[in-house]
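Colleague: quick one, structure for this:
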Amino acid sequence: MNQGQISERRRLDVSTTGELGRANAATVLSCVLTEGPLARAEIAERVGLTRATVTRVSNRLLELGLLSEEPPRRDAPGRPMVPLAFHGGNRVTLAVHLGALESRVGVVDLRGRVLAESRDTYSGTDPAAILGVVAGRVRDAIVQESGRSRILGVGVSLGGWVDADAGEVVRFDPLGWEGVPLAAELRERTGLFVRADQMVRGLALAEKSFGAARDTSDFLELWTGNIVGAAVVLNGDVRQAPGGASGILTHFPVRGGWGRRCECGRLGCLAANLTDSAVVAEAVRRGLLAPGADFRALMRAATAGDRGVQAFTGELAHMAGEAAAAMADLINPRALVVAGLITTAPGYLDDFRAALWARTELGTGMEVRASAFGDLAPTIASASVVLDRYLQDPLAHER
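Modeller: Got it, this is the predicted structure:
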């Protein structure tokens with residue numbers, strides 16, 4: 001566990017013994033989650049706490065069912081070491097993702113595993129109607145989990161501009177939403193604690209806890225799907241910016257492109273070239289897809305070995321890699337995590353890396369990684385909006 005991650009887990013005010021104990025509990029739990037199973041002595045060495053402190057804290061986490069003991073192992077002469085593993089007990093988070101075309105409601109455990117998920121295609125864009133459907137799904141999940149799980153809350157995400165502190169959708173262009181009090185509406189309809197945030201920021205929270213960025217506290221997350229967006233993680237903190245505006249890439253300029261004019265009236269905007277709808281439109285124009293086909297049809301063709309489609313996805317990767325180079329040079333992250341269904345196309349990551357490294361001043365020292373979550377990324381991202389807050393201070397939430 002690196003020092004940045006340790007610092008990130010100690011954001012609590014540790015001015016009292018109780019608060020220090022809570023911070024230590026978060027540190028130990030996070031260490032076992034990202035690196036376990038580990039013996040108590042190994043945890044103490046990694047996080048810089050005394051063995052006595054680790055023993056005291058881990059015993060409390062064992063009592064709560066957040067950790068469990070593995071069978072003893074004997075790596076050296078002397079007493080056998082008893083590894084501690086992350087357990088999580090019966091705690092789950094309900095996840096709500098509002099996409100451009102559909103909503104998702106899922107049940108996610110403390111390991112970031114999706115236990116159940118439902119999806120509903122929109123019949124309109126009215127916020128009240130969409131949230132009514134979502135709230136019904138959440139209530140169904142509450143009933144299903146009753147008696148077997150403890151629900152920590154509802155994490156909500158979407159790909160637009162979200163003010164997390166206010167729980168408000170400032171703007172979400174695909175649905176035409178502006179100023180929607182998302183968290184308050186769902187809290188009133190479900191009776192549960194609700195926290196809302198931008199989807200790519202939620203995804204970055206998931207990557208650093210149980211995904212592709214568990215070993216680093218400095219990385220850049222890039223998402224390409226029905227929206228394009230980014231999340232900046234520095235010293236373990238996901239950048240929010242005033243009003244939650246960080247990470248919007250809609251009008252980020254790119255070279256090349258298909259000559260498609262953006263809704264803002266300009267050429268060369270990232271969203272007009274790399275979003276799923278823009279990609280499908282260009283694939284249809286080139287004759288690579290039949291009219292009416294969707295993005296998944298493009299992915300199936302790429303996976304099946306269609307050379308024309310594979311060459312096309314290579315162009316997409318090159319464009320995305322060049323755009324990422326400009327972002328990476330500005331931020332200088334240790335790693336860059338790329339996510340979205342397009343990134344799973346054969347050869348995409350290789351082409352992305354080649355374009356990135358050809359344009360960046362950082363050379364090949366920055367590692368490019370694929371997201372760990374695949375098509376479940378939006379649901380896991382939504383859950384992480386709540387899960388991350390729990391993992392930062394588990395003892396406070398347990399009270």
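Colleague: quick one: secondary structure of Ser123?
Modeller: Assigned by DSSP: H, G, I helix; E, B strand; the rest coil, the conformation of Ser123 is coil.
Colleague: go on, Arg195?
Modeller: Strictly by three-state DSSP, Arg195 counts as strand.
Colleague: which other helices and strands does the strand or helix carrying Ala323 contact?
Modeller: In the assignment (DSSP states H and E), Ala323 maps to helix 307-331. For helix 307-331, the contact count by 3 or more Cβ pairs under 8 Å, 6 or more residues apart in numbering; DSSP states H and E identifies strand 219-224, strand 228-234, helix 271-274, helix 276-285, helix 295-303, strand 335-339, helix 348-359 as packing neighbours. Where you see a C-beta, it was placed from the backbone N, CA and C, and this is true even at glycine.
Colleague: where exactly do the helices run in the stretch 51-200 of the chain?
Modeller: For the stretch 51-200 of the chain, the helices defined by DSSP state H, counting those that start in this stretch occupy 51-63, 127-145, 182-190, 199-210.
Colleague: would TSV of the ones you listed with mean pLDDT and distance to Cys264 be doable?
Modeller: Below are the helices of the stretch 51-200 of the chain laid out as TSV (pLDDT from 0 to 100; distance: least, Cβ to Cβ, whole Å):
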stretch	mean pLDDT	distance to Cys264
helix 51-63	93	50
helix 127-145	96	24
helix 182-190	95	25
helix 199-210	94	20
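Colleague: run the chain-centre distance for stretch 304-315.
Modeller: Centroid separation for stretch 304-315 versus its chain: 28 Å, with Cα atoms, centre = their mean, to the nearest Å.
Colleague: can you check stretch 153-165 too?
Modeller: Between the centre of stretch 153-165 and the centre of its host chain there is 12 Å, according to Cα atoms, centre = their mean.
Colleague: how long is that stretch end to end?
Modeller: 16 Å (Cα to Cα, to the nearest Å).
Colleague: now that stretch: buried residues?
Modeller: The neighbour-count check on stretch 153-165 (16 or more other Cβ atoms under 10 Å) flags Gly153, Val154, Gly155, Val156, Ser157, Leu158, Gly159, Gly160, Trp161, Val162, Asp163, Ala164 as buried.
Colleague: pLDDT on stretch 373-382, on average?
Modeller: For stretch 373-382, mean pLDDT is 94.
Colleague: what about it, distance to the chain center?
Modeller: Centroid displacement of stretch 373-382 relative to its chain, using Cα atoms, centre = their mean, is 7 Å.
Colleague: ok so, going back, looking at the buried residues of stretch 153-165, which is nearest Asp140?
Modeller: Val154 (13.0 Å; Cβ to Cβ).
Colleague: now do the contacts for the closest one.
Modeller: 93-96, 138, 186-187, 190, 192-195, 386 (Cβ atoms under 8 Å, 6 or more residues apart in numbering).
Colleague: redo these as CSV? Include neighbour count.
Modeller: CSV is the format used below for those (neighbours: other Cβ atoms under 10 Å):
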residue, neighbour count
Thr93, 28
Leu94, 29
Ala95, 31
Val96, 29
Val138, 25
Leu186, 23
Arg187, 18
Thr190, 23
Leu192, 17
Phe193, 16
Val194, 24
Arg195, 23
Val386, 28
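Colleague: just put these in JSON lines and tack on distance to Pro333.
Modeller: Output for the contacts of Val154, formatted as JSON lines (distance: Cβ to Cβ, whole Å):
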{"residue": "Thr93", "distance to Pro333": "27"}
{"residue": "Leu94", "distance to Pro333": "31"}
{"residue": "Ala95", "distance to Pro333": "26"}
{"residue": "Val96", "distance to Pro333": "29"}
{"residue": "Val138", "distance to Pro333": "35"}
{"residue": "Leu186", "distance to Pro333": "33"}
{"residue": "Arg187", "distance to Pro333": "35"}
{"residue": "Thr190", "distance to Pro333": "37"}
{"residue": "Leu192", "distance to Pro333": "35"}
{"residue": "Phe193", "distance to Pro333": "32"}
{"residue": "Val194", "distance to Pro333": "31"}
{"residue": "Arg195", "distance to Pro333": "25"}
{"residue": "Val386", "distance to Pro333": "25"}
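Colleague: before we move on, back to that, what's the most buried one of the helices of the stretch 51-200 of the chain?
Modeller: The highest mean neighbour count among the helices of the stretch 51-200 of the chain, using mean count of other Cβ atoms under 10 Å, belongs to helix 199-210: a mean of 29.
Colleague: right, and the helices and strands packed on helix 307-331 - which one's nearest Arg74?
Modeller: Closest among these, using Cβ to Cβ: strand 335-339, at 35.8 Å.
Colleague: which strands border the closest one, and is each parallel or antiparallel?
Modeller: Strands that pair with strand 335-339, judged by DSSP bridges, come out as strand 219-224 (parallel), strand 367-370 (parallel).
Colleague: highest mean neighbour count out of those?
Modeller: Highest mean neighbour count among the strands paired with strand 335-339 (mean count of other Cβ under 10 Å): strand 219-224, a mean of 27.
Colleague: now do that strand against helix 276-285, angle only.
Modeller: Counting by axes from the mean of the first three to the mean of the last three Cα atoms, to 10 degrees, strand 219-224 points 50 degrees away from the direction of helix 276-285.
Colleague: domain map for the protein?
Modeller: Per automatic domain parsing, the domain ranges recorded for the chain read 3-86, 91-204+378-398, 214-371.
Colleague: out of those domains, which is the most enclosed?
Modeller: domain 91-204+378-398 (a mean of 21).
Colleague: start and end of that domain, how far apart?
Modeller: Note: domain 91-204+378-398 ends 10 Å apart using Cα to Cα.
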